[in-house]
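# Following is a predicted model, sequence given first.
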Amino acid sequence: MKTLLDLTPEQLAAEIAEIGQPAYRVTQILDWVYKKGATDMAAMTNLPAAIKQHFTVLTSRVVSKAESTDGTIKLLVELADGGRIECVMIPTEARATACLSSQVGCGMECMFCASGMNGLERNLSTGEILEQILHLQKESGRRISHVVFMGMGEPLANTEAVIAAIHAIIDSARQGVSARHVTLSTVGLPKQIRRLAAEELPITLAISLHAPNDALRRELMPKAAQVPLEDVLAAAEEFYQSRHREITLEYVLLAGVNDTNVCAEALARIAGRLRCSVNLIRYNPVPELPFDRPSNTTLQAFADRLAKRGVNVQIRRPRGIDADAACGQLRRRLDGEPTETAPPQGEPTGETPAETPEETPKPPEGV
Ligand code: SF4
C-alpha cells in the first residue's frame, strides 16, 4: 500500500493512472485528505474499493494527548517502527498553530534541550511530518492555519523531506496554509539555509541562536558550533536578501549563562546586522540538566537593553505550561524517563513552540 502523504500530486496521478482509475480521482483524494482532514480511506465514500485498497493515509498513531488549560494540545505520536515524536497545537481565537517535529530525537544535542539528550534516531519522511497536522486537526477539531517547524529535531538536517512537506502545506490544492504563516527554525546550517533560499519558498526563517558568540555557542550547542557563527550569519543575510523575508532570532535565556549585559549587547549587534527581530524565551528547566531559568527582572532587563539598541524584541508569552510543552519533555516522561513536573502556572516552558506563535514578530510568527 502507498502512503498518500508521501506522494506529490504528480506522483499520486501516476499511481492513479497505474491502477486504471480516471484522473479526477486525484482531486477527490486530495480534497478528502487535505481539505476534509480524512485519516482513513474508508471514510472516502465517493472512492471505489480499488483506490481504497491501494493507499493508506496514516502510518502513525497518537499514543498520548496532553491538554493545557489554555487550550494547547500536545500529542505523543508513535511511528510505524515504534519511534516516538511530539507535536503541538497552539490555539488562539483566530489561529491554530501546529508545531511539528522533523526528526526522531535530534543530533544537534544542545546542552540545555530534552530532545537532544538521546541523540538522533532517524529523520521523518514527508508523510510522517504531514501526518502530525492530521493528528492535531483530529484531536483539536481545528483546521491548522499556521505551521512552525520548531518541534523535535533540526529541520535543516532533514532538508528534502521538510521542503517537500512545506510545499504540501502551502499548496492551495493541499493544506493551503499561507507561506507567510510558515516558520522554520534552525540552529543555523549555512549550506542548507542556502538550499532553502534556492527553493524560493516565502516562509520565515528563525535562527535559534541562544549564544551570541562562538565561545558560548561551543559551550551550549557544540554540534551547531562546528560551523562558525559568522558563516551562519552570512547565510542568513543571503536568505534575507534573496527572499526579502524577515528573519527572526530565537534566544532561550539561561540564568547566569547567556543573560548577561555583554550577551545582550552582542545579540543587539547581530540583530542590527540582520535587521531582524528577537524572540526571548525564558528557559524551562529539565531536571537532569544543569541550567536554570532567569528571573523575570533579569529577563525584562535583557529585553530592555535590546530595545534600547533599537531591536524589535518580543518576550514569548507562555503557552501549554501544564502540557509538558517544552520540546522533548512529554516523550521523556512517557518513556519512563525523568522530566520535570509541570512548572508553575504562568512560567514559560522552554525552547519550543508551544509558546506563542502569535507573539512572534511580524511578519508571520514563530516557535
Ligand atoms: S534545541 Fe533544537 S536543535 Fe538543539 S537539540 Fe533541541 S531540538 Fe535539537
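Good, I have the coordinates.
# Up against the ligand, what does the stretch 1-150 of the chain have?
106, 108, 109, 110, 113, 115, 116 (Cβ under 6 Å from any ligand atom). Heads up, the C-betas are built off the backbone N, CA and C, glycines and all.
# redo that, cut-off 8 Å
106, 107, 108, 109, 110, 112, 113, 114, 115, 116, 150 (Cβ under 8 Å from any ligand atom).
# and the last one, how many neighbours?
Okay, so that is residue 150. 29 (other Cβ atoms under 10 Å).
# Looks like it contacts residue 97 (just checking).
No - counting by Cβ atoms under 8 Å, residue 150 stays clear of residue 97, with 9.9 Å between them.
# With adjacent residues omitted, what lies nearest to residue 242?
Leaving aside its sequence neighbours, residue 242 sits nearest to residue 197 (Cβ to Cβ, 6 or more residues apart in numbering; 4.5 Å).
# and the next element down the chain from the helix or strand harbouring that neighbour?
In this structure, residue 197 sits in helix 190-198 according to DSSP states H and E. The helix or strand immediately downstream of helix 190-198 is strand 204-208, counting by DSSP H and E.
# between that next one and helix 190-198, how big is the angle?
Between the axis of strand 204-208 and that of helix 190-198 there is an angle of 170 degrees, by axes from the mean of the first three to the mean of the last three Cα atoms, to 10 degrees.
# pull the CA atoms of strand 204-208 into CSV?
The C-alpha trace of strand 204-208 is given here as CSV (Å, rounded to 0.1, in the frame of the first residue of the first chain):
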residue,chain,number,x,y,z
THR,A,204,10.1,32.9,7.6
LEU,A,205,13.5,31.6,8.8
ALA,A,206,14.1,31.6,12.5
ILE,A,207,17.6,31.2,13.7
SER,A,208,17.8,29.5,17.1
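# And that strand, what's buried?
204, 205, 206, 207, 208 (16 or more other Cβ atoms under 10 Å).
# which one of the residues you listed is nearest the ligand?
residue 208 (6.1 Å; Cβ to the nearest ligand atom).
# Can you check the pLDDT for the closest one?
Note on residue 208: pLDDT of 94.
# which residue does the stretch 101-250 of the chain bring closest to the ligand?
For the stretch 101-250 of the chain, Cβ to the nearest ligand atom, closest residue to the ligand: residue 116, 2.7 Å.
# Kindly confirm my reading that that residue is in a helix.
No - applying DSSP: H, G, I helix; E, B strand; the rest coil, one finds residue 116 to be coil, outside a helix.
# any idea how far it is from residue 234?
25 Å (Cβ to Cβ, to the nearest Å).
# What of residue 172?
34 Å.
# same question, residue 152
28 Å.
# now do residue 98
Residue 98 sits 31 Å away from residue 234, going by Cβ to Cβ.
# And those two? Which one has more around it.
residue 98 (29 against 14).
# Could you check the pLDDT of that one?
For residue 98, pLDDT reads 96.
# do residue 37 as well
Looking at residue 37, its pLDDT reads 94.
# for it, what are its contacts?
134, 137, 138, 143 (Cβ atoms under 8 Å, 6 or more residues apart in numbering).
# For PyMOL, write a command that selects the buried ones of those residues.
Selection of buried members from the contacts of residue 37 for PyMOL, criterion 16+ other Cβ under 10 Å:
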select buried, resi 134+137
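# Out of the contacts of residue 37, list just those in strands.
Using DSSP state E, the subset of those located in strands is empty.
# any chance of the contacts of residue 37 in TSV, with pLDDT too?
Shown next, in TSV, are the contacts of residue 37 (pLDDT from 0 to 100):
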residue	pLDDT
134	98
137	97
138	97
143	97
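# pretty sure residue 286 is in a strand, no?
No - membership of residue 286 in a strand is not supported by three-state DSSP, which gives coil.
# Excluding sequence neighbours, find me the nearest residue to it.
Distance criterion Cβ to Cβ, 6+ apart; nearest residue to residue 286, sequence neighbours excluded, is residue 114 at 4.8 Å.
# on that earlier part again, list the contacts for the residue of the stretch 101-250 of the chain closest to the ligand?
105, 106, 107, 108, 109, 110, 328.
# Residue 12 too?
Counting by Cβ under 8 Å, 6+ apart, residue 12 touches 4, 26, 29, 30.
# Among these, which one lies nearest to the ligand?
When these are compared against the ligand (criterion: Cβ to the nearest ligand atom), the nearest one is residue 4, at 27.8 Å.
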